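# Sequence first, predicted model second:
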Amino acid sequence: MKKIISSENIHAGMHIFLVFILSLVSLNLHAQADVNKLIPLDEMGTSTFEGYTGGLYPNGSNEMPAAFYNDAVEMARLVMPLNDNGKPDSDGKIGVVAIGPSTVSRIGQGLLELIYKTPGIRKEIVFVNGGVGGQDLNRIASPTGKFWKIVYNEVSVAGLTNEQVQVVWFQEDDLLNTTEEFPERADLLVQSFTLAIKDMKKRFPNLKLVYLTGRHTTEYMKPDGTIRHKEPRSYYNGWANKWIIEKQINGDASLNYKGENAEVPLLLWGPYFWTQGPKPRKDGYTFTPDMVLNDGVHPNDAGIRKIAGDLIDFWKNDKVSQLWFLENPDATSLPETENKNISFDILHTEIESLIKDNMQGNLKVVILRDTNVVYNQSYDLNKEVISIPDLQAGTYKYLLKDDGNFVKAGAFKINDDKSVEKIVIESVTEPYEIQENSATNSEETKQKNIV
């Protein structure tokens, strides 16, 4: 006797089959990325990922450009004891605050336990754990949220005012953003980071340095772990940190850190945390599964001690960080470029790095737009950075000449977004044969071209 299968049973079977297939597809879509195909930024050099050059800093380098390094040194030297009103005071304090979600909160507890035991630390430093569980970029941006109320309370309990906070370690992510594409996710994070850091500067008016580290790998999450933390999200987080620092180095107006109208503090890499799972990086750094809780995201006690130690070791040994962190920084370890070179900058972008030993007397800087001289100034050779005031968008030529035989000429372009490009030119003769009398334009012409 034939068994008759009803159409209802067929449809039910097909439905179950489709649900099964879709569940497999869904699992595949949200599976962890293969971290072995993701190269740590500090190992990439000039190689690329999806067409973008690696390195912690521009051009595949893990070192700051000379001009930006000099600015970082000067900014670190400005970190000093301040009184409750934010004024210099030898009896004042240096506020250092960790800002971020639950991972930062846990690591912050480790920092509280270790930082005051650090040999040689400046006695004026007061550390505040400003990490708050469940507070991603969206929640810390909420004007009605609890995040800043908690942080302000922690600052006060530590015996500080907001005016005394000068250094921040910042680690964050956007847990509502479902974008997993590159570079879109990193680009969106750069925008959110920018807003968050500008907000910090308003809340802590004397904030001078913000250290970025990116996230540790989340490779150790279970397959059924929450999607919002899975790789490659933590890997892309590092790219966002890299790009916001590069935007500042390249003179992005929204990330201006200089002068009384600075909108943000100076941004620096702290220790870069991301690894290919347990695989040791080329610099020897490791972060293994035994350092996280069962969720694969938050550090356990061993992880807390390690990461807190990593941050303190960085501040102890980094040439810039020593200047604010230690009582007796190792001044002899500063690179020779700090006092051997002069950086010629336009809108915080280095155009030339000039060797002082090749020059004598004073250095004259002449800048032309078309045939009009818009800038004409002499500098002594003791300066480390020659930074030109804001110029309007356009194409310019420049001449750098000392009192001897040194001459350097070139051209650059300022775009509408205030980014600066150096222009390669074939000849530097005729357009730059500037007579002394032609290098004296009226103040009216200068003001018209200088913003």
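Yep, that arrived. Residues are numbered from 1 along each chain as shown.
# Identify each buried residue in stretch 401-414, please.
Within stretch 401-414, the residues that count as buried by 16 or more other C-beta atoms under 10 Å are 401-402, 408-412, 414. Where you see a C-beta, it was placed from the backbone N, CA and C, and this is true even at glycine.
# just stretch 255-275 next, same as before
Neighbour-count burial for stretch 255-275 [16+ other C-beta under 10 Å]: 255-258, 262, 264-275.
# one step back: could you identify the most distant pair in the buried residues of stretch 401-414?
Comparing all pairs in those by C-beta to C-beta, the longest separation belongs to 402 and 414, at 25.5 Å.
# Can you report phi and psi for residue 88?
Torsion angles at residue 88 (phi, psi; degrees, to the nearest 10) stand at phi -50, psi 130.
# From residue 355, how far out is the closest residue to it other than its chain neighbours?
The spatially closest residue to residue 88, leaving aside those adjacent along the chain, is residue 80, at 5.6 Å (C-beta to C-beta, 6 or more residues apart in numbering). According to C-beta to C-beta, to the nearest Å, residue 80 and residue 355 sit 32 Å apart.
# again with residue 383
Using C-beta to C-beta, which is the criterion applied here, residue 383 is 14 Å from residue 355.
# Format the buried residues of stretch 401-414 as CSV; extra columns: pLDDT, distance to residue 169 and secondary structure.
What follows is the buried residues of stretch 401-414, written out as CSV (pLDDT from 0 to 100; distance: C-beta to C-beta, whole Å; DSSP: H, G, I helix; E, B strand; the rest coil):
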residue, pLDDT, distance to residue 169, secondary structure
401, 94, 44, strand
402, 93, 43, coil
408, 91, 40, strand
409, 93, 43, strand
410, 93, 39, strand
411, 94, 40, strand
412, 93, 35, strand
414, 92, 34, strand
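# Go through those residues and name the one nearest residue 99.
Closest approach between those and residue 99, by C-beta to C-beta: residue 414, at 33.4 Å.
# shouldn't the closest one be in contact with residue 391?
Yes - in terms of C-beta atoms under 8 Å, residue 414 counts as a neighbour of residue 391; the distance is 5.7 Å.
# what do those two both touch?
With contacts taken as C-beta atoms under 8 Å, 6 or more residues apart in numbering, the residues that reach both residue 414 and residue 391 are 346-347.
# Identify the residue nearest the residue positioned nearest the centre of the chain in space, chain neighbours excluded?
The residue at the geometric middle of the chain, judged as the C-alpha nearest the mean C-alpha position with C-alpha atoms, centre = their mean, is residue 245 (3.4 Å). Sequence neighbours aside, residue 267 is the residue nearest to residue 245 in space, at 4.9 Å (criterion: C-beta to C-beta, 6+ apart).
# can you check residue 139 too?
Spatially, and ignoring its direct neighbours in sequence, residue 139 is nearest to residue 145 (5.1 Å; C-beta to C-beta, 6+ apart).
# On the three-state scheme, the one you found is what?
Under the three-state scheme (DSSP: H, G, I helix; E, B strand; the rest coil), residue 145 adopts coil.
# ok, how many other residues are close to it?
Burial of residue 145 is recorded as 14 neighbouring residues (other C-beta atoms under 10 Å).
# just the strands in the stretch 351-451 of the chain please.
Listed in chain order, the strands of the stretch 351-451 of the chain (DSSP state E, counting those that start in this stretch) span residues 362-369, 372-380, 385-388, 394-401, 407-414, 420-423.
# So what are the sheet partners of the second one and their directions?
As defined by DSSP bridges, the strand partners of strand 372-380 come to strand 362-369 (antiparallel).
# what angle separates the strand it pairs with from strand 394-401?
Here strand 362-369 runs at an angle of 160 degrees relative to strand 394-401 (axes from the mean of the first three to the mean of the last three C-alpha atoms, to 10 degrees).
# wait, residue 198 sits on residue 265?
No - using C-beta under 8 Å, residue 198 is not in contact with residue 265, being 9.8 Å away.
# for residue 309, helix, strand, or coil?
Under three-state DSSP, residue 309 comes out as helix.
# Tabulate the buried residues of stretch 401-414 in a markdown table, adding columns for distance to residue 189.
As requested, the buried residues of stretch 401-414 are exported to a markdown table (distance: C-beta to C-beta, whole Å):
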| residue | distance to residue 189 |
| --- | --- |
| 401 | 44 |
| 402 | 45 |
| 408 | 39 |
| 409 | 40 |
| 410 | 35 |
| 411 | 35 |
| 412 | 30 |
| 414 | 27 |
